[in-house]
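Trainee: This is the structure alone, sequence omitted:
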């Protein structure tokens, strides 16, 4: 019986690793996983990674080997994060008629996002090609008994259409080039599920993020209940200026917001660089990205079938600069 066919007594959903391999080992030990024949595993539980294994951290190659070995053995699963998708697009040649060399243009920002990964894998080109092919096997989302996992946003409409077209949440390689058009189905589904939702800032207004980039939009919740202002829906590390935060949502902005119902199965995401003590965002919504690569916490949630998530089910380890 393979790992995927086994009946697991519980699941450990793990947040964005971003190359913090040694910290991941500490977290797995804390969760009761042990290395058996070179693979971390638990006798009764399956690990599920929310994506973003690559980029930024000090031990990206080691993290990739660790997670891939677990998924190959069936003792873990991993959904695609925006950084895995970026790596695929960054390394895929673009059709000549597009005028680009690669599907993801090699801009200063995109170069910076993937720089650490390319540097750490430079001496291992065959491994890098192997990992890129592995990324293409990752699902965009998971629906398992009693819960859901997606990197950034659960969008019912796009997910249902994806399942209708392709029969599952598995990544489709033929959609890579189509994703260059942000208005295409591929462009919309990859952007929404791996990067989340957003609202443009008022015309002429920008904010500077902690990463130094100037932005003309802000990330939003997909589970807000009866929001009235920008403050009610903003969900990102960088706060909005007060004069923007209290701006009322327009009817069109409110209509475009997603609403994940309170009676739906628990959904787990990463992506959002949270800080502080881990806890549910709502009884059926949890983010597991607590800024591990910024010396925050690498976080897991121990899911055992409950319909309402509990703060007591979060497990974490702190990250030190060498992890």
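Mentor: Now that the structure is in, tell me what you want to look at. Small disclaimer: the values here were computed from a predicted structure and weren't measured. Residues are numbered from 1 along each chain as shown.

Trainee: so how many other residues sit close to residue 265?
Mentor: A count of nearby residues for residue 265, using other C-beta atoms under 10 Å, gives 15. Quick note: C-beta positions are derived from backbone N, CA and C, even for glycine.

Trainee: ugh, wrong one, I meant residue 215
Mentor: 17.

Trainee: what's it in contact with, if anything?
Mentor: When contacts are counted by C-beta atoms under 8 Å, 6 or more residues apart in numbering, residue 215 is found next to 201, 206-209.

Trainee: Just put the residues you listed in a markdown table and tack on distance to residue 150.
Mentor: Formatted as a markdown table, the entries for the contacts of residue 215 read as follows, by distance: C-beta to C-beta, whole Å:
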| residue | distance to residue 150 |
| --- | --- |
| 201 | 25 |
| 206 | 29 |
| 207 | 26 |
| 208 | 28 |
| 209 | 23 |
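
Trainee: and which of the residues you listed is nearest to residue 25?
Mentor: The shortest gap between residue 25 and any of those belongs to residue 209, at 30.4 Å (C-beta to C-beta).

Trainee: Give me the pLDDT for residue 295.
Mentor: Predicted confidence (pLDDT) for residue 295: 88.

Trainee: Look up phi and psi at it.
Mentor: Backbone torsions for residue 295, taken as degrees, to the nearest 10, come to phi 60, psi 40.

Trainee: now it: how far from residue 58?
Mentor: Residue 295 sits 11 Å away from residue 58, going by C-beta to C-beta, to the nearest Å.

Trainee: what about these two, which has more around it?
Mentor: Taking residue 295 and residue 58 together and counting by other C-beta under 10 Å, residue 58 has the greater number of neighbours (18 against 13).

Trainee: Skipping adjacent residues, who's closest to that one in space?
Mentor: If the residues on either side of it in the chain are set aside, residue 58 comes closest to residue 19, at 6.1 Å by C-beta to C-beta, 6 or more residues apart in numbering.

Trainee: Return the residues in contact with the one you found.
Mentor: Contacts for residue 19 were tallied using C-beta under 8 Å, 6+ apart; they are 53-60, 63, 116-117, 120, 293.

Trainee: same thing but 10 Å
Mentor: Under the criterion of C-beta atoms under 10 Å, 6 or more residues apart in numbering, the contact list for residue 19 reads 52-64, 83, 116-117, 120, 292-293, 323.

Trainee: ditto for residue 63
Mentor: By C-beta under 10 Å, 6+ apart, the residues touching residue 63 are 17-25, 49, 53-54, 57, 120.

Trainee: Residue 315 too?
Mentor: Contacts for residue 315 (C-beta under 10 Å, 6+ apart) come out as 12, 14, 27, 30-32, 278, 297-302.

Trainee: List just the nearest of those residues to residue 165.
Mentor: For the contacts of residue 315, the nearest to residue 165 is residue 14 (29.2 Å; C-beta to C-beta).

Trainee: surely that closest one meets residue 299?
Mentor: Yes - the criterion here is C-beta atoms under 10 Å, and residue 14 meets it with residue 299 at 7.5 Å.

Trainee: got any residues that touch both of those two?
Mentor: Overlap between the contact sets of residue 14 and residue 299, as judged by C-beta under 10 Å, 6+ apart, is given by 27, 50, 270, 288, 292, 315.

Trainee: Next, the nearest residue in space to the fifth one that is not next to it in sequence: phi, psi?
Mentor: Take residue 292 and drop its neighbours on the chain: the residue closest to it by C-beta to C-beta, 6+ apart is residue 298, 4.2 Å away. Residue 298 has phi and psi values of phi -90, psi 120 when expressed as degrees, to the nearest 10.

Trainee: Could you tell me how many residues sit around residue 234?
Mentor: Residue 234: 20 surrounding residues under other C-beta under 10 Å.

Trainee: check contacts around it.
Mentor: Counted by C-beta under 10 Å, 6+ apart, residue 234 has contacts 198-199, 218-221, 224, 227, 240, 244-245.

Trainee: Please identify which of the residues you listed is nearest to residue 253.
Mentor: Distances from those to residue 253 were compared by C-beta to C-beta; the smallest belongs to residue 199, at 5.8 Å.

Trainee: Helix, strand, or coil at that closest one?
Mentor: At residue 199 the chain is in strand, as set by DSSP: H, G, I helix; E, B strand; the rest coil.

Trainee: Quick one, grab the pLDDT at it.
Mentor: pLDDT for residue 199: 93.

Trainee: for the stretch 101-250 of the chain, what spans make up the strands?
Mentor: Taking DSSP state E, counting those that start in this stretch to define them, one finds strands in the stretch 101-250 of the chain at 141-144, 147-150, 197-200, 207-208, 214-215, 217-220.

Trainee: Which stretch among those strands is buried most, on average?
Mentor: Burial among those, expressed as mean neighbours by mean count of other C-beta atoms under 10 Å, is greatest for strand 147-150, which shows a mean of 24.
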